[in-house]
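> how would this look folded up:
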Amino acid sequence: MPDYNSLVLEILKQEDKLKMSIFQQEEIACTLRHYSQCTISFTQIDKLCQEMISVLNKTGKSGAGEGDSIKSLKKTGQLLWDNLLTRTVKDKLKAANILNLILSIDEELINIPWELLYDGNSFLCLKFNLGRLVRTKEQLTPPQYRSFTSVPKMLILANPTNDLKSAYLEGVFIRNQFDRKRRQIIIDFKSTNIDTLYVKKNLYDYDIVHFAGHCEYEAERPQDSGWVLSDARFSASDILAMSATVTLPTLVFSNACYSAKANTNLLDIDYQKKSYSLASAFLFSGVRHYIGSIRKIEDENSLAFSKEFYSQLISGKSVGESLRLSRLKSVNEFGMQNFAWTSYLLYGDPNFVLFRKIIKKPRQGLKKYIATNKKLILKSSLTLAAVAVLICLSTWLPTLHPSAYLLFLNSKKMFLAGKNQEVILLGKRIISQDSSFLAVYPLLAQAYEREGNRENALKYYFDYALFSEQRQDKKNLASAYTKIGKFYQDQGDYPKAFDFFNKAINLFPNFRMFYLDLAKSYIREDEYQKARDVLKKVIDSPKKDEDDDQRVTEAKKLIEEIKNE
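Model (predicted):
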């Protein structure tokens, strides 16, 4: 599950401009958000992207770039950094001490290699745990997301066409890597003769799927692009069709290159579009995280990268951090000149943790534990005591804001002195400080009633009821209903008065005060028999406090008055 310690960089394309904002992700979103914008020459950006592809394509069989290729990669990455981002965004990214970066972009911007922007010191994908979220114009049904199981299940699909020995070895190594961690993850391995029916029948049983094999891309019909299996392709349209009835895995790692049709290591200008064609199908279908390779990966590098990724993931690292640490290990082992670290994209929230860290503590006796953890126990006890005090205060005090409480005491004095306008001003100040301070609402309403402003009086009585209901405070809610009933009673609107008095009685069936108010409404309507029935309940109900004696006496007097009518 995710936490909220991450930066979000939103970038929107509008004609020749990019509008962007960068902010820290929070559980409750800000109401207002600053954005900056810059004018872009997309012709120039396309040229820079082509230059970057050209640099990435200058690799030997080992995956290492030729000559000064890393220097060229940095130069092109820095020009993209300079031209694509505003000064505000660049300054915040450079000064950021948060590792998680969510890149939220329009679908038209997916072809830009954002991961390889270079700030003068580091590439974005090496500095941040970077994941892409894409805004699309597609109108699709909201996906069903999978509930992650306590012991996740993983399916490894390796070398389905039986012509990639390296893909088979990759799958075997990943399976063997987790053999000693069977309590943390269940691994199923499938290799050779993997057909589309097998994948369709079994994919929804797993939380994680790793695919090592070929992929084919259809430029004219992207929906037919997909994994190459023993009998046919498992295509984007197949994935979307499955999503209507089943929940797909949480994480899909597609360690496949688009090379089944042509024996080439080279990227073309649409390499990211190819990757996204399959990624989008999985994402639209409920896969939360998709990792895809954008080029043919050399055997040794591909195996080392995927092994490191899963090792970090199962140790409790987030998806984004596991990917970044795998990039860094690839750089350390094979050198920056080896471009294997550039070859992966993550679509999804990078700070999502699939495996929680299990911290094992040695067993020890109670006395020994207390002796060795005195400070911790004392600190925990003080914390619990503080929490208990806060709970008591929140239960018995009308507010935990001292300044609001002092204002309330002052407003009560003003009310007793008949200074209604001062009460109204103080009451509004109190609400601005603490809108859940229930006692101020009836005071404000009464002040408005004195001023003859019935509309505002009724408004604050209803606010009193609303906030009492939100706090699940039945006593104040019943009091609010009674005051609203009295308001309607004074206006001669007896049906509404009856309705609110009855609501109060439903909350507190033995509360004599509510019955008295209801009886008085019946008397005003000349409904004497109904008034008698209600007053008898006042007399017959069990007493709860000293005020009940006074209310019983009042009820008996009202019955005598009714007899004389």
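
> how is the chain carved up into domains?
Here the chain is described, according to automatic domain parsing, as comprising the domains 7-135, 153-296, 362-396, 402-564.

> Let me know which of those domains is tucked in deepest.
domain 153-296 (a mean of 19; mean count of other Cβ atoms under 10 Å). C-beta here means a position set from N, CA and C on the backbone, and glycine is covered the same way.

> what pLDDT does D540 get?
D540 is assigned a predicted lDDT (pLDDT) of 71.

> go on, E26?
The pLDDT attached to E26 in the predicted structure is 68.

> For the stretch 51-200 of the chain, which segments count as strands?
Secondary structure of the stretch 51-200 of the chain by DSSP state E, counting those that start in this stretch: the strands cover 100-106, 129-135, 153-158, 186-191.

> Export these as JSON lines, with columns for distance to D119 and mean pLDDT.
Conversion of those to JSON lines gives the following (distance: least, Cβ to Cβ, whole Å; pLDDT from 0 to 100):
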{"stretch": "strand 100-106", "distance to D119": "12", "mean pLDDT": "92"}
{"stretch": "strand 129-135", "distance to D119": "13", "mean pLDDT": "91"}
{"stretch": "strand 153-158", "distance to D119": "36", "mean pLDDT": "93"}
{"stretch": "strand 186-191", "distance to D119": "39", "mean pLDDT": "91"}
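
> Which one of those strands lies nearest to N420?
With respect to N420, and counting by Cβ to Cβ, the nearest of these is strand 100-106 at 51.4 Å.

> Name the strands paired with that closest one and say parallel or antiparallel.
Within its sheet, strand 100-106 is paired with strand 7-14 (parallel), strand 129-135 (parallel), according to DSSP bridges.

> Adding distance to S254 as columns, could you present those in a markdown table?
Written out in a markdown table, the entries for the strands paired with strand 100-106 read as follows (distance: least, Cβ to Cβ, whole Å):
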| stretch | distance to S254 |
| --- | --- |
| strand 7-14 | 25 |
| strand 129-135 | 15 |
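
> Comparing the domains of the chain by mean pLDDT, which bottoms out?
domain 362-396 has the lowest average pLDDT among the domains of the chain, namely a mean of 61.

> Could you dump the domains of the chain into JSON lines with distance to V353 added?
Output for those, formatted as JSON lines (distance: least, Cβ to Cβ, whole Å):
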{"stretch": "domain 7-135", "distance to V353": "11"}
{"stretch": "domain 153-296", "distance to V353": "11"}
{"stretch": "domain 362-396", "distance to V353": "25"}
{"stretch": "domain 402-564", "distance to V353": "33"}
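
> hang on, the earlier thing: so which of the strands of the stretch 51-200 of the chain gets nearest I291?
Shortest distance between I291 and the strands of the stretch 51-200 of the chain, using Cβ to Cβ, is found for strand 129-135: 9.5 Å.

> Quick one: residues in contact with that closest one.
Residues external to strand 129-135 that are found in contact with it (Cβ atoms under 8 Å, 6 or more residues apart in numbering): 6, 12, 99-107, 110, 114-115, 124, 276, 280, 283, 289, 318-321, 323-324, 345-351.

> Which residue comes closest to K412 once chain neighbours are left out?
In space, and not counting its chain neighbours, K412 is closest to L443: 6.9 Å by Cβ to Cβ, 6 or more residues apart in numbering.

> so how far is I431 from the one you found?
Taking Cβ to Cβ, to the nearest Å as the criterion, L443 is separated from I431 by 11 Å.

> can the strands of the stretch 51-200 of the chain go into JSON lines with extra columns for distance to L458?
Converted to JSON lines, the strands of the stretch 51-200 of the chain look like this (distance: least, Cβ to Cβ, whole Å):
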{"stretch": "strand 100-106", "distance to L458": "45"}
{"stretch": "strand 129-135", "distance to L458": "45"}
{"stretch": "strand 153-158", "distance to L458": "59"}
{"stretch": "strand 186-191", "distance to L458": "62"}
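
> Indicate which one of these is closest to R233.
strand 153-158 (13.3 Å).

> Pull up the pairing partners for the closest one, direction included.
Applying DSSP bridges, strand 153-158 is found paired with strand 186-191 (parallel), strand 208-216 (parallel).

> Just put these in CSV and tack on distance to I523.
As requested, those are arranged in CSV below (distance: least, Cβ to Cβ, whole Å):
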stretch, distance to I523
strand 186-191, 74
strand 208-216, 73
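
> so which of these gets nearest K92?
Among the strands paired with strand 153-158, the nearest to K92 by Cβ to Cβ is strand 208-216 (33.5 Å).

> which helices and strands does whichever helix or strand comes after the closest one pack with?
Sequence-wise, the next helix or strand beyond strand 208-216 is strand 226-228, with elements assigned using DSSP states H and E. Counting contacts by 3 or more Cβ pairs under 8 Å, 6 or more residues apart in numbering; DSSP states H and E, strand 226-228 is packed against strand 208-216, strand 233-235, helix 236-242.

> Any idea how many residues pack against G348?
Neighbour count of G348, defined by other Cβ atoms under 10 Å: 23.

> Let me see the confidence value for it.
89.

> Looking at the strands of the stretch 51-200 of the chain, which is nearest to W341?
The stretch from these with the least distance to W341 (Cβ to Cβ) is strand 129-135; that distance is 12.4 Å.

> Would you pull up how far that closest one lies from the middle of the chain?
Distance, stretch centre to chain centre, for strand 129-135: 14 Å (Cα atoms, centre = their mean, to the nearest Å).

> same question, stretch 472-491
So, by Cα atoms, centre = their mean, the centroid of stretch 472-491 is 38 Å from its chain's centroid.

> please begin residue numbering at 6 from this point
With 6 as the first residue, the last one maps to stretch 477-496.

> And for that stretch, what's in contact with it?
The set of residues external to stretch 477-496 that reach it, using Cβ under 8 Å, 6+ apart, is 443, 446-447, 450, 454, 459, 462-463, 466-467, 469-470, 473-474, 499, 501-506, 508-509, 512-513, 516, 518-519, 522-523, 525-526, 529.

> Please repeat the previous calculation with a cut-off of 7 Å.
Residues external to stretch 477-496 that are found in contact with it (Cβ atoms under 7 Å, 6 or more residues apart in numbering): 443, 447, 462-463, 466-467, 469-470, 473-474, 501-502, 505-506, 508-509, 512-513, 516, 519, 522, 526.

> packing partners for the helix or strand hosting K562?
Under DSSP H and E, the secondary-structure element containing K562 is helix 552-569. Using 3 or more Cβ pairs under 7 Å, 6 or more residues apart in numbering; DSSP states H and E as the contact criterion, the secondary-structure elements in contact with helix 552-569 are helix 517-529, helix 533-545.

> quick one on the thing from earlier: for R180, which of the strands paired with strand 105-111 is the nearest?
When these are ranked by distance to R180, counting by Cβ to Cβ, first place goes to strand 134-140 at 26.2 Å.

> Only C-alpha atoms, please: export the closest one in PDB.
Output for strand 134-140, consisting of C-alpha atoms alone and laid out as PDB, is shown next (Å, rounded to 0.1, in the frame of the first residue of the first chain):
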ATOM      1  CA  ASN A 134      12.000   6.600  -7.600                       C
ATOM      2  CA  LEU A 135      10.200   7.700 -10.800                       C
ATOM      3  CA  GLY A 136       6.800   6.400 -12.000                       C
ATOM      4  CA  ARG A 137       4.500   7.600 -14.800                       C
ATOM      5  CA  LEU A 138       0.800   8.300 -14.500                       C
ATOM      6  CA  VAL A 139      -0.900   9.100 -17.900                       C
ATOM      7  CA  ARG A 140      -4.000  11.200 -18.600                       C
END
